[in-house]
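Participant: how would this look folded up:
(one chain, ligands or ions: 1)
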Amino acid sequence: MLVPGVAYARPVRALLVVNPQATATTPAGRDVLAHALASAVELDVLETSYRGHAADAGREAAGAGIDLVVAHGGDGTVNEVVNGLLAEGPRPDLPMLGVVPGGSANVFAGALGLPREPVEATHRLLRAVEERSSRRVGLGRVADSAGERWFTFNAGLGWDADVVERMEQARARGREATPSRYARIAASCFFRLDRRNPRLTVELPGGETVDGVHLAFVSNTDPWSYLGGRPLRLNPSCSFDRGLGIFALRNVRMATVLRHLGQVIRGVEPRGSHLLRSDDVEKIRVTCSEPVRLQVDGDHLGERTAVEFTAVPSAVQVAV
Ligand SMILES: Nc1ncnc2c1ncn2[C@@H]1O[C@H](COP(=O)(O)OP(=O)(O)OP(=O)(O)O)[C@@H](O)[C@H]1O
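Facilitator: A predicted model of the protein is given here:
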């Protein structure tokens, strides 16, 4: 493990995990990144060949005396690496995480203030390695009947997860994730949701319970927009150094939803009595009488009726 500020006699051992399927990774970019890293560290490179491969690599690295695991891909790749590293829970001797964006949204990197441009991000990472500069980042954990999963920036149940699933389907058909497509999908998901009417119940510590929720959006930072490259302002006081934040919409009509959608796209903070907003929360439980979709870091994971979110402070050390 690397201790910040300490000079080492032995070289830093690093693993570069590249997702060749991510939107903005290329063989040329991979090679530039690998060469740059190899000038500073003892490097192994792994290109993922199946979904879950990055998680397997993270798990192996955690037990193999590796100092640094660099994820090059989108948020799905970062999420997998983190889930592998933390498979046995947080430990002070776990490898440090490095991120070089290679996805379409790169929300985690954006929330950490890292450059989205891969060459610039590589320079920043090299500088962090050289200076032994890092920060500890608090993450969230989702527990349900299917098991446990870490999230690096957010997880959502209900309307938001419906949108993520439809967006995944659109991208699989080669469609681009433009703001207008996002708005159209969000509106059509809301119409469907309104008809089916599966409302969620949110339980907060201290016994506070909120019913009639269409969307429960739980985060460990105010996530960056998938579209505009700036904070979403759903929960502006939420940060990696505090507990979880929740943003929930309850008993709203279509006109209000469309107004908030426009605000979020423009980077304006939505307000109103139908919004539940709480932050620095340790545990959040969300239940529903019928199955609703769950998304974790922008990946749709299927349907659930009960999910518990937990804040885990200082879960991972990130080279920044
Ligand atoms: N070799 C592979 N074949 C198929 N899927 C893979 C492979 N390697 C990784 N994956 C999966 O690809 C999915 C998408 O990757 P990722 O999120 O990193 O890129 P992206 O979708 O372009 O980025 P973003 O999430 O920022 O839009 C991840 O969920 C990961 O599990």
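Participant: can you list the residues of the stretch 151-300 of the chain near the ligand?
Facilitator: Proximity of the stretch 151-300 of the chain to the ligand, by C-beta under 6 Å from any ligand atom, involves residues 298-299. Backbone N, C-alpha and C define where each C-beta goes, glycine included.
Participant: which residues of the stretch 151-300 of the chain fall in helices?
Facilitator: Taking DSSP state H, counting those that start in this stretch as the test, the helices found in the stretch 151-300 of the chain are 159-172, 179-196, 254-266.
Participant: Let me have the ones you listed in JSON lines, extended by mean pLDDT and mean neighbour count.
Facilitator: Below are the helices of the stretch 151-300 of the chain laid out as JSON lines (pLDDT from 0 to 100; neighbours: other C-beta atoms under 10 Å):
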{"stretch": "helix 159-172", "mean pLDDT": "88", "mean neighbour count": "20"}
{"stretch": "helix 179-196", "mean pLDDT": "75", "mean neighbour count": "15"}
{"stretch": "helix 254-266", "mean pLDDT": "80", "mean neighbour count": "16"}
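Participant: wait, which of those is closest to residue 27?
Facilitator: helix 159-172 (21.3 Å; C-beta to C-beta).
Participant: The closest residue to residue 291 other than its chain neighbours bridge partners, please.
Facilitator: Of all residues not flanking residue 291 in the chain, residue 303 sits nearest, at 3.5 Å (C-beta to C-beta, 6 or more residues apart in numbering). Note on residue 303: beta-bridge partners residue 293, judged by DSSP bridges.
Participant: Tell me where the model's unsure across this protein.
Facilitator: 1-10, 193-197, 225-229 (pLDDT under 70).
Participant: neighbours around residue 100, how many?
Facilitator: Residue 100 has 29 neighbouring residues, counting by other C-beta atoms under 10 Å.
Participant: tell me which element it falls in.
Facilitator: strand 96-101 (DSSP states H and E).
Participant: near the ligand, which residues of the stretch 1-150 of the chain?
Facilitator: Counting by C-beta under 6 Å from any ligand atom, the stretch 1-150 of the chain sits next to the ligand at 19-23, 48-51, 53, 73-77, 80, 103-106.
Participant: Repeat the analysis, applying 5 Å as the threshold.
Facilitator: Within reach of the ligand by C-beta under 5 Å from any ligand atom, the stretch 1-150 of the chain has these residues: 19, 21-23, 48-49, 51, 73-77, 103-105.
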